[in-house]
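**Student:** Sequence first, predicted coordinates after that:
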Amino acid sequence: MKKNNSLKTVRRTPPPPAAEFELYKGLRVEDFKLSFEENLKYRLIKEPGTATDYDRYLSLAYAIRDRLVENWMATQKAYRENKVKRVYYFSLEFLIGRTLGNSVLNLQVEENVSKALHDLGLTLEELREVEIDAGLGNGGLGRLAACFMDSLATLEIPAYGYGIRYDYGIFRQKIVRGYQVEEPDEWLSMENPWEKARPEYAYRIKFGGHTVQRKNRNGKLVFDWVDTEDVLATAYDTPVPGYGNRTVNNLRLWSAKATEEFDLDFFNKGNYFAATSKKTESESISKVLYPNDNSPEGRELRLKQQYFFVSASIQDILRRFKREHSDLKMLPDVAAIQLNDTHPTIAIAEFMRFLVDEEGVDWDQAWDITKGVFAYTNHTLLPEALEKWPLALFGRLFPRHLQIIQEINARFLREVANRFPGDVERIQRMSLFEEGHDPQLRMAHLAIVGSHSVNGVSALHSDLLKSTVVPDFYELYPDRFNNKTNGITPRRWLNKCNPGLSQLITSRIGDKWVTDLGQLKKLEKFADDKKFQKEWREVKKQNKEKLAALIASEQRLAIDTDSIFDVQVKRIHEYKRQLLNALHVVALYRRIKANPKGDFTPRTVLFGGKAAPGYHQAKLIVKFINSIADAINQDPQIKGKLMVLFLPNYRVSLAEKIIPATDLSEQISTAGKEASGTGNMKFALNGALTIGTLDGANIEIQEEVGDDNIFIFGLKAGEVVQMKKEGYDPKEFYQKSPELKGVMDLIASGFFSPENPGLFKPFYDSLLNHDEYLLMADFDAYVECQDRVTQLYRDPDQWTRMAILNVARMGKFSSDRTIREYCDEIWRAKSVKIS
């Protein structure tokens, strides 16, 4: 950002005292200028000449936040006074990204803020770029949670998000000699203007110890959890404003604090490390998002994190409930807790512990209340992601919870046995405990048994959940299972990130689409309008030029904005098949080398995404992509025909620049592995065409946009299962496909790693001998589909027509629609107008 050490001074007459607060919270241009200047002077104690870029960002951020405060307080007051039913969204991730731009957008003050900053010699765009992303998530799960919070506020649903205030978010990714290097994401190293510490809401969280049985005064057997090691969970609140209304909901994140900050006795004896060791150990719980769980210590910390935030959240919910109600049987009528995937499942046992042990509710009634309150969203079809915990570890950390879960299991298996007499194998499959030399607790089973609703996140995913992942549970509880196809907020993922396209759309159909995405259907009549197509292409070109300028400044590479921007940005995982994309790039490279003077459609292939620190194969994929890029981008014969880039440190703010510039969206996971995906929705909503398999929400996108407006290839989910069942041999595909054989042999030769010829041999060996995710089987179909993409891109009118129809038919994929379905069919929650 360009320095401006001499902000323009705005001459004004000091307001009379009675008017000062009105100016301070007003929405006029003069009001924002006044707030900005006073924040800089009185809040940050800076003069314009000494202010840094971050000071200027803070001055504006506080000006915006202050305009949320009145509505924030009014919203909570209305919920409290009307004793409304509240939705509590439990998620280990909230991938918020940047807050300033979204808040300005939802307050609908962008024009006046921009004018005020212009008068001060600044721009809104410059200040937005200063903000640090709140990277409290790893990918789609956390970003979905953030979209849902936006929709809940926009739809005026009483809701709270609960999670962890990690000191360090998802790591900052650097690429060094082609390898991923992880650095701490110190997102809190600078002042965070959006959060408010709430030390008055601090709860004691217990770990370890043991249980003691005793009889109370009524002769009833009770359990005490004693000799525990405790930490404190302290609340930090962030406002979540709705679009164009007065609702401001609350995101409450918990930070771990020591129950004793400092041991003076140790300090006085000269043992300075021991004096603060308890504090350091306690606060490690909220230190980092997803500690590496390849070690026993990492797994224990991850389990502690899960319990830490759900215990604090449940205590907070019960405190709020008791302030307004006295009969615990009313809990399902006034509280709905949604488990965002399996991570928060221990909340079910914790809720039972509070009801039975702390409140004295009898077991059957407590269990009915618990099931009435909880609902579970499953986000994965991968067995390793369903979460199991070793009983030895779980019992050591949570001895009372293990007893409670054992009782839940005993009663549940009695129900199964009564329903299916003599079916011992079924009982073993459905038990909450997995037997063996290292017994495990099956958290997904607990989530299903302890919830009144279990939903998948796309039609295919929900069907596979019932037919292959947990079919026994579906047979027992068919009415409990349902589908809620994911969605994205159009406020951030079109209106904010793509202002050019948003303005073009609004110029033709008005702006109601921002809160009613189905309105985009009106764009269909412009699909063949040549003037509209021309304007559409101009917007895309501008977005591509903005991204190219960013890449030029950060990577010192010039990219051809007339080329196809072919993009795959997402978490690096083998099932997402970045490697298949890379194999196609090698195939293109070989074609160009074989015929350097051929007529090739220029293509720029962009990759981005982070590999988990302990996931060796994924990190090798990152290195492979960068090695391919080095070889291709330095070859003069390839120049102008093909370029490959890996964009480091993929995050929400970078996605907001990449997605509007994309021509082709790569959604190529192995069919039956992706639960839904939301990146596919974001790209299509911004006018990119999709190349993908019939996996996750791709199927529903195809149904909406039409077969002629999407590029589908490869095996279907059922065909994948059948092929593996019949004995899949990847070598057969290698032998019968000359292009695939040429690609694989080039990799095996060490061409892309001459300094270490065997570096990528593991890919060759794995794909030819095992190929878990069927890259070999889908390669030829993928390449043929990419050839169709190339041919179509040569016809700009047809390409643009397809892009317009994609956007016009994306109404289903708004998170507003998803949230309405949750409210109507699971939570039974009603909107509350904040007046």
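**Tutor:** The structure has been received and is ready for your questions.
**Student:** for Glu732, helix, strand, or coil?
**Tutor:** helix (DSSP: H, G, I helix; E, B strand; the rest coil).
**Student:** Quick check, pLDDT for it.
**Tutor:** The model reports Glu732 with a pLDDT of 97.
**Student:** Please, which helix or strand holds Asp224?
**Tutor:** strand 221-226 (DSSP states H and E).
**Student:** list the buried ones in that strand?
**Tutor:** Phe223, Trp225 (16 or more other CB atoms under 10 Å). In this view, the C-beta of every residue, glycine as well, is placed from N, C-alpha and C.
**Student:** again with stretch 439-457
**Tutor:** Neighbour counts over stretch 439-457 (16+ other CB under 10 Å) mark 440-457 as buried.
**Student:** Would you mind putting the CA coordinates of that stretch into PDB?
**Tutor:** The C-alpha trace of stretch 439-457 is given here as PDB (Å, rounded to 0.1, in the frame of the first residue of the first chain):
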ATOM      1  CA  PRO A 439     -10.000 -50.600  21.400                       C
ATOM      2  CA  GLN A 440     -11.400 -47.400  19.900                       C
ATOM      3  CA  LEU A 441     -14.400 -45.100  20.600                       C
ATOM      4  CA  ARG A 442     -16.300 -44.500  17.400                       C
ATOM      5  CA  MET A 443     -17.300 -40.900  17.500                       C
ATOM      6  CA  ALA A 444     -19.500 -40.900  14.400                       C
ATOM      7  CA  HIS A 445     -21.600 -43.700  16.000                       C
ATOM      8  CA  LEU A 446     -22.000 -41.600  19.100                       C
ATOM      9  CA  ALA A 447     -23.100 -38.600  17.000                       C
ATOM     10  CA  ILE A 448     -25.800 -40.600  15.200                       C
ATOM     11  CA  VAL A 449     -27.100 -42.300  18.400                       C
ATOM     12  CA  GLY A 450     -27.200 -39.100  20.400                       C
ATOM     13  CA  SER A 451     -28.800 -36.800  17.800                       C
ATOM     14  CA  HIS A 452     -32.400 -36.500  16.500                       C
ATOM     15  CA  SER A 453     -31.200 -35.600  13.000                       C
ATOM     16  CA  VAL A 454     -28.300 -36.800  10.800                       C
ATOM     17  CA  ASN A 455     -27.700 -35.100   7.500                       C
ATOM     18  CA  GLY A 456     -25.300 -35.300   4.600                       C
ATOM     19  CA  VAL A 457     -24.300 -32.300   2.500                       C
END
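**Student:** Mind listing residues that contact stretch 57-75?
**Tutor:** 24-25, 27, 32, 35-37, 39-40, 43-44, 51, 99-100, 103-104, 107, 109, 113, 117, 124, 127, 130-131, 191, 193-194, 239, 241, 246-250, 834 (CB atoms under 8 Å, 6 or more residues apart in numbering).
**Student:** What subset of those is buried?
**Tutor:** Counted by 16+ other CB under 10 Å, the contacts of stretch 57-75 give 24, 32, 35-37, 39-40, 43-44, 51, 99-100, 103-104, 107, 109, 113, 117, 124, 127, 130-131, 193-194, 239, 241, 246-250, 834 as buried.
**Student:** just to revisit the earlier point, after the strand holding Asp224, next one along is what?
**Tutor:** Downstream of strand 221-226 (by DSSP H and E), the next one is strand 229-241.
**Student:** Kindly format the C-alpha coordinates of that next one as CSV.
**Tutor:** Written as CSV, here are the backbone C-alpha positions of strand 229-241 (Å, rounded to 0.1, in the frame of the first residue of the first chain):
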residue,chain,number,x,y,z
GLU,A,229,-6.3,-30.8,36.1
ASP,A,230,-8.3,-27.7,35.1
VAL,A,231,-8.0,-24.8,32.6
LEU,A,232,-10.2,-21.8,32.1
ALA,A,233,-12.0,-21.1,28.8
THR,A,234,-12.4,-17.3,28.3
ALA,A,235,-14.8,-15.9,25.7
TYR,A,236,-14.0,-13.6,22.8
ASP,A,237,-16.9,-12.3,20.8
THR,A,238,-17.0,-11.2,17.1
PRO,A,239,-20.1,-9.6,15.6
VAL,A,240,-21.7,-11.2,12.5
PRO,A,241,-23.9,-8.7,10.7
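**Student:** Give me the helices and strands touching that strand, please.
**Tutor:** Under the contact criterion of 3 or more CB pairs under 8 Å, 6 or more residues apart in numbering; DSSP states H and E, strand 229-241 touches helix 53-82, helix 100-107, helix 140-154, strand 196-207, strand 248-258, helix 272-283, helix 296-324.
**Student:** what's the offset of the helix or strand just after the first one from the middle of its chain?
**Tutor:** What that stands for is helix 53-82. Following helix 53-82 in sequence order, the next helix or strand is strand 86-90 (DSSP H and E). In terms of CA atoms, centre = their mean, to the nearest Å, the centre of strand 86-90 is found 17 Å from the chain centre.
**Student:** average pLDDT for strand 86-90?
**Tutor:** 98.
**Student:** Can you tell me the strand partners of the following helix or strand past it and which way each runs?
**Tutor:** Downstream of strand 86-90, the first helix or strand assigned by DSSP H and E is strand 94-97. Paired neighbours of strand 94-97 in the sheet (DSSP bridges): strand 134-136 (antiparallel).
**Student:** Please work out which residues outside the strand it pairs with touch it.
**Tutor:** 93-99, 142, 163-166, 169-170, 185, 187, 192, 253, 289, 651-652.
**Student:** so how far is that strand from its chain's centroid?
**Tutor:** With CA atoms, centre = their mean, you get 10 Å for strand 134-136.
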